[in-house]
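Participant: How does the following fold in three dimensions:
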Amino acid sequence: MNNKLFPLSSLLVALSIVSVSAEEYLSARFALDDQRVYDARLSDAPEGSFTLAVIPDTQRYHGPGSGRGGEEGEPRNPAFDSRTIWLADNLKSQRIVFVSHMGDIVDGNNHHQWRVARENMDRLHGRVPYGIAVGNHDMVNRTGDSSLFQEYFGAERYAEKPWYGGTYEGRPGHAPEVSGNNANSYQLFSAGGLDFIVLHLECNAPDDVLAWADEVLEAHGDRMAIISTHMYLGGIERKGAMEAQGRMVWKKVHGDRGNTPQEMWDKSFRKHENLFLVLCGDQSASITHHQQSRGEHGNVVHEVLQDYPRHADDSDWLRLFRFLPEREKIEVLTYSPSQDRLCDGLRHVIDPGDHQFALDISGAIATHRARQSGNPAHSRR
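Facilitator: Numbers count the residues shown, from 1 in each chain. Modelled structure (predicted):
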């Protein structure tokens, strides 16, 4: 097979002639099942840059409690393994300063899978700051109870880490199993002369969680703010993968207390001038989507979805957000450690530009540096 990039214009002409889907055409043309990559290798991160690595949903396990492959053998997750092994081995070459997991850490919310997840994240523990956004699969049914997540990744695990900012304690008068004990947390790090706060919020975070998030972001208004939350971008009205993509207006957990992604934006996210990036997973039918919004202060907020296919052991795509402060941009790279390839197109998302792209953060940097200098009359670009 010729691994050189097939021109998108030729692909579109071919599709119009033979009237087949993109997936059917790629399968016939390149002898692939449902994914297509090109022969491009990931370079080392250049001097002066730094990387925020994102692990999309890891909910593909084998062995007991998995419901897959007869549930035989030891609990395991090869794609989770390859991701965390590669991250641990490439912290230096990729200048990785932070790792964010998008949630749906497990499939079945059982001890078998949580032990595997803990073993995987242990490869990074103590070596690089990280946070986890709790997904709907990480809870008991739709109740918001994340007690098993809290058992394996509770706040006590991070209490002595200087980069760990803290956790929402939970609703007053209620047990912490719902929303407490690291189910919602924040982390702090600095790199490239810039200071950051990363807030990890659970799926469909209720009003009390959003109120806590508002307080945290306001208290750290001098830092560039990133929010990682499990469910945010995808099919807006839950009609299928090919519908209009954006902030969803439906939800999965927490019942009446839960907020849709659009409500999370309206009630909280849009209010914070230091917010410039929102990361999410959850929607494997959509795979990837990115859009640009403006907060009520005029700040540009980049919103980025990454939930790559989980159909095989080499479906281990990672997102690398390579910050280039001097150029005031982020290079977003989608990479598979097991295939050692950058992603060129998947399923119905066949445009390479949906997988490798750049984000302009000049306004966020300008605002941040103005605040660092104590100048309240900062300018936005």
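Participant: all helices of this protein, in order?
Facilitator: Secondary structure of the chain, counting by DSSP state H: helices at 8-18, 22-30, 78-89, 111-122, 147-153, 207-219, 261-267, 362-372.
Participant: quick one: which of those is nearest Met231?
Facilitator: helix 261-267 (6.1 Å; Cβ to Cβ). For glycine as for every other residue, the C-beta is placed from the backbone atoms N, C-alpha and C.
Participant: Could you name the helices and strands sitting against the closest one?
Facilitator: Under the contact definition 3 or more Cβ pairs under 8 Å, 6 or more residues apart in numbering; DSSP states H and E, helix 261-267 sits against helix 207-219, strand 245-247.
Participant: partners of the shortest one in the sheet?
Facilitator: If I follow you right, that is strand 245-247. Note on strand 245-247: by DSSP bridges, its sheet partners are strand 233-235 (antiparallel).
Participant: residues making contact with the partner strand?
Facilitator: Here strand 233-235 makes contact (Cβ atoms under 8 Å, 6 or more residues apart in numbering) with 241, 243-248, 261, 280, 282-283, 285-286, 289-291, 303-305.
Participant: hmm, back to that, out of the helices and strands packed on helix 261-267, deepest packed?
Facilitator: Mean neighbours per residue, mean count of other Cβ atoms under 10 Å, is largest over the helices and strands packed on helix 261-267 for strand 245-247, with a mean of 19.
Participant: related to what we said a few turns ago, Serialize the helices and strands packed on helix 261-267 to JSON lines and add fields for distance to Leu275 and mean pLDDT.
Facilitator: Output for the helices and strands packed on helix 261-267, formatted as JSON lines (distance: least, Cβ to Cβ, whole Å; pLDDT from 0 to 100):
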{"stretch": "helix 207-219", "distance to Leu275": "7", "mean pLDDT": "98"}
{"stretch": "strand 245-247", "distance to Leu275": "14", "mean pLDDT": "97"}
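Participant: what's the neighbour count on Lys92?
Facilitator: 9 (other Cβ atoms under 10 Å).
Participant: if we can go back for a sec, closest one to Arg142 among the helices and strands packed on helix 261-267?
Facilitator: helix 207-219 (16.1 Å).
Participant: Nearest to Gln94, out of the helices and strands packed on helix 261-267?
Facilitator: helix 207-219 (27.8 Å).
Participant: For that closest one, which outside residues touch it?
Facilitator: 165-166, 168, 171, 179, 184, 186, 197, 199, 201-202, 205, 225, 227, 257, 259, 264, 267-268, 271-272, 274-275.
Participant: Low-confidence stretches in the chain?
Facilitator: By pLDDT under 70, the weakly predicted segments of the chain are 1-39, 240-242, 376-381.
Participant: switch to 90 and redo it
Facilitator: 1-41, 65-72, 142, 172, 238-243, 347-348, 372-381 (pLDDT under 90).
Participant: Val178 against Val140, yeah?
Facilitator: No. If you go by Cβ atoms under 8 Å, Val178 and Val140 don't touch, sitting 9.4 Å apart.
Participant: Mind listing the residues bridging to Gln292?
Facilitator: Beta-bridge partners, per DSSP bridges, of Gln292: His302.
Participant: end to end, how far does stretch 284-296 reach?
Facilitator: Start to finish, the residues bounding stretch 284-296 are 30 Å apart (Cα to Cα, to the nearest Å).
Participant: got it, and stretch 185-204?
Facilitator: Using Cα to Cα, one end of stretch 185-204 lies 15 Å from the other.
Participant: Name the residues of that stretch that are buried.
Facilitator: Buried residues in stretch 185-204, counted by 16 or more other Cβ atoms under 10 Å: 185-189, 191-192, 194-204.
Participant: so Glu237 makes contact with Val249?
Facilitator: Yes. Using Cβ under 8 Å, Glu237 makes contact with Val249 at a distance of 6.1 Å.
Participant: which residues sit in contact with the residue lying closest to Gly234 once chain neighbours are set aside?
Facilitator: Once flanking residues are discounted, Gly234 sits nearest to Gln283: 3.3 Å by Cβ to Cβ, 6 or more residues apart in numbering. Under the criterion of Cβ under 8 Å, 6+ apart, the contact list for Gln283 reads Met231, Leu233, Gly234, Gly235, His289, Leu305, Asp307.
Participant: what do you get for Gln94?
Facilitator: So Gln94 contacts Asp44, Ala45, Thr51, Ala53, Leu320, Arg322 (Cβ under 8 Å, 6+ apart).
Participant: Tell me which two of the residues you listed sit farthest apart.
Facilitator: Most distant of those, by Cβ to Cβ, are Asp44 and Ala53, 14.1 Å apart.
Participant: one step back: as JSON lines, the contacts of Gln283 with distance to Gln113 and neighbour count would be great.
Facilitator: Shown next, in JSON lines, are the contacts of Gln283 (distance: Cβ to Cβ, whole Å; neighbours: other Cβ atoms under 10 Å):
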{"residue": "Met231", "distance to Gln113": "20", "neighbour count": "31"}
{"residue": "Leu233", "distance to Gln113": "26", "neighbour count": "26"}
{"residue": "Gly234", "distance to Gln113": "24", "neighbour count": "26"}
{"residue": "Gly235", "distance to Gln113": "27", "neighbour count": "20"}
{"residue": "His289", "distance to Gln113": "27", "neighbour count": "20"}
{"residue": "Leu305", "distance to Gln113": "24", "neighbour count": "25"}
{"residue": "Asp307", "distance to Gln113": "18", "neighbour count": "27"}
